[in-house]
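Participant: Whatever this is, show me its structure:
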Amino acid sequence: MGRRERPVDPADGPVAAFAVELRKLRREAGGLSYRAMAARVPCSAATLAQAAAGDRFPTLPVTLAYVQACGGDIEQWQTRWEEALAAVREATAVGGEVSQAPYRGLARFETADQAYFFGRTALVERVAELVDAHRLVVVVGPSGCGKSSLLRAGLVPRLRPRVVRVVTPGAHPRAVLPEVAADEVIVVDQFEETFTLCQDVGEQRAFIDALVTAGTEDRGCRVVLAVRTDFFDHCARHPALMEAVRDSTVPVGPMSRSELREAITRPAAAAGLIVQRELTATVIEEVADEPGGLPLMSHALLETWRRHHGKALTLADYEATGGIHGAVAHTAENLYTGLAPAERHRLRELLLRLVTPGEAGAQDTRRPVRRAELLTADPLDPGPVLLERLAAARLITLDDDTADLAHEALLTAWPRL
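Facilitator: Now for the predicted structure:
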């Protein structure tokens, strides 16, 4: 028998239950050591041990290698794995425990997250006032300053009961704006995608002209654009757009210390928790002078919340995450190092497909990609599970057919990427 493993309770969820089943198979095979198992299959002892640790759901290739090393029925265990994967997906879907976290990690706050969105009250009011006074408004700020959250969780609820439509340009921006209804507010988030994802200059211009027209016609329509600072010069190449927002451009700067305190403590309070004073003070000191630090702060606090026991989020739990400067890398590296070599190679392929390299000194940007473009027809392709694991770690977001980096902060916060 190999080394003693940490006890796992199958009642802790589908990942733990699957790990218990794998351990049972190993016992029935005579209690092989993981080193002996590794000698039989193309997987390391550490990878096989991780499969049954109960911390993460193993990929299908690793599971089948584990089963093969124990002399189990490959076809039967593939079916078991698929059933367990369905249970894992259900457990981590929206409405599960993670969705109730008071922090959103690298992901933006959505309109449904209004109850946990704090620290931008004055700025939300400023933008709302400009929307009332002007047909077209531009919100501009660096990556990581919280523009998307400001608009989705702050401005949209503030503008109710007006009809507000939030869109992102994507590769074909003209398609997202077929027509505009009277009195509608169109919020174009990540407006820089007009230039980074759309390769047709004519379509770029047609989209911008349509926005300017919608924002100047006398139908009560309003248009709000959110754009990264380093792409604002692209907007300046369109005189009609710049004229329309001459008096209605809102810069998004860093939060004040009092706003940061709200963003740290009030989401926890909304979830019935408290934040240790030492933790609040530490986070404020680390984030106050950190450009684009809000998503890093949110991720570190999310990981702190995952570790908490009782009613308090503590400095000790926060430090265990790696803090502002290490939590994202800590999460990503834990996922990466738990993979087999072939899985690591596949993960690299997936992540690099989600990035658009910057040109002429511009920063790299994320690139939403259809899942069908990322995956293969190979039934042993670990891609689908890797995407699910990246999403569970809040490093990417998945909707029905698209994968996207949770935030561009990941591009600099994880050195390996």
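Participant: Every contact and neighbour count from this point should use C-alpha atoms.
Facilitator: OK.
Participant: how about the strands in the protein?
Facilitator: With DSSP state E as the definition, the chain shows strands at residue ranges 136-141, 164-167, 185-188, 222-228, 249-251, 274-275, 312-313, 355-356, 365-366, 369-370, 396-398, 402-405.
Participant: For residue 389, which of those strands is the nearest?
Facilitator: Shortest separation from residue 389 across the strands of the chain is recorded for strand 396-398, at 9.1 Å, computed as CA to CA.
Participant: can you list the strands of the chain in JSON lines and add distance to residue 204, mean pLDDT and mean neighbour count?
Facilitator: Written out in JSON lines, the entries for the strands of the chain read as follows (distance: least, CA to CA, whole Å; pLDDT from 0 to 100; neighbours: other CA atoms under 10 Å):
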{"stretch": "strand 136-141", "distance to residue 204": "17", "mean pLDDT": "95", "mean neighbour count": "25"}
{"stretch": "strand 164-167", "distance to residue 204": "15", "mean pLDDT": "92", "mean neighbour count": "16"}
{"stretch": "strand 185-188", "distance to residue 204": "14", "mean pLDDT": "94", "mean neighbour count": "24"}
{"stretch": "strand 222-228", "distance to residue 204": "14", "mean pLDDT": "94", "mean neighbour count": "25"}
{"stretch": "strand 249-251", "distance to residue 204": "21", "mean pLDDT": "95", "mean neighbour count": "17"}
{"stretch": "strand 274-275", "distance to residue 204": "46", "mean pLDDT": "96", "mean neighbour count": "19"}
{"stretch": "strand 312-313", "distance to residue 204": "46", "mean pLDDT": "93", "mean neighbour count": "20"}
{"stretch": "strand 355-356", "distance to residue 204": "17", "mean pLDDT": "90", "mean neighbour count": "16"}
{"stretch": "strand 365-366", "distance to residue 204": "18", "mean pLDDT": "86", "mean neighbour count": "22"}
{"stretch": "strand 369-370", "distance to residue 204": "19", "mean pLDDT": "90", "mean neighbour count": "18"}
{"stretch": "strand 396-398", "distance to residue 204": "26", "mean pLDDT": "86", "mean neighbour count": "21"}
{"stretch": "strand 402-405", "distance to residue 204": "22", "mean pLDDT": "90", "mean neighbour count": "22"}
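Participant: looking at the ones you listed, which is closest to residue 211?
Facilitator: Distances from residue 211 to each of the strands of the chain were compared using CA to CA; the shortest belongs to strand 222-228, at 6.9 Å.
Participant: Beta-bridge partners for residue 396, please?
Facilitator: Here residue 396 sits in beta bridges with residue 405, going by DSSP bridges.
Participant: just how off-centre is stretch 189-200 within its chain?
Facilitator: Average the C-alpha atoms of stretch 189-200, do the same for its chain, and the two points are 20 Å apart (CA atoms, centre = their mean, to the nearest Å).
Participant: Kindly report the same for stretch 109-128.
Facilitator: For stretch 109-128, the distance from its own C-alpha centre to the chain's C-alpha centre is 19 Å (CA atoms, centre = their mean).
Participant: Which residues does that stretch contact?
Facilitator: Counting by CA atoms under 8 Å, 6 or more residues apart in numbering, the neighbours of stretch 109-128 from elsewhere in the structure are 102-103, 137, 148-159, 250, 252, 255, 258-263, 266-267, 270.
Participant: possible to save the strands of the chain as CSV with distance to residue 114?
Facilitator: Formatted as CSV, the strands of the chain follow (distance: least, CA to CA, whole Å):
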stretch, distance to residue 114
strand 136-141, 19
strand 164-167, 15
strand 185-188, 17
strand 222-228, 19
strand 249-251, 21
strand 274-275, 19
strand 312-313, 21
strand 355-356, 29
strand 365-366, 25
strand 369-370, 27
strand 396-398, 19
strand 402-405, 22
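Participant: Quick check: which of those is nearest to residue 36?
Facilitator: The minimum distance between residue 36 and the strands of the chain falls on strand 396-398, with 36.0 Å, by CA to CA.
Participant: which helices and strands sit right next to the closest one?
Facilitator: In terms of contacts (3 or more CA pairs under 8 Å, 6 or more residues apart in numbering; DSSP states H and E), strand 396-398 is packed against helix 383-392, strand 402-405.
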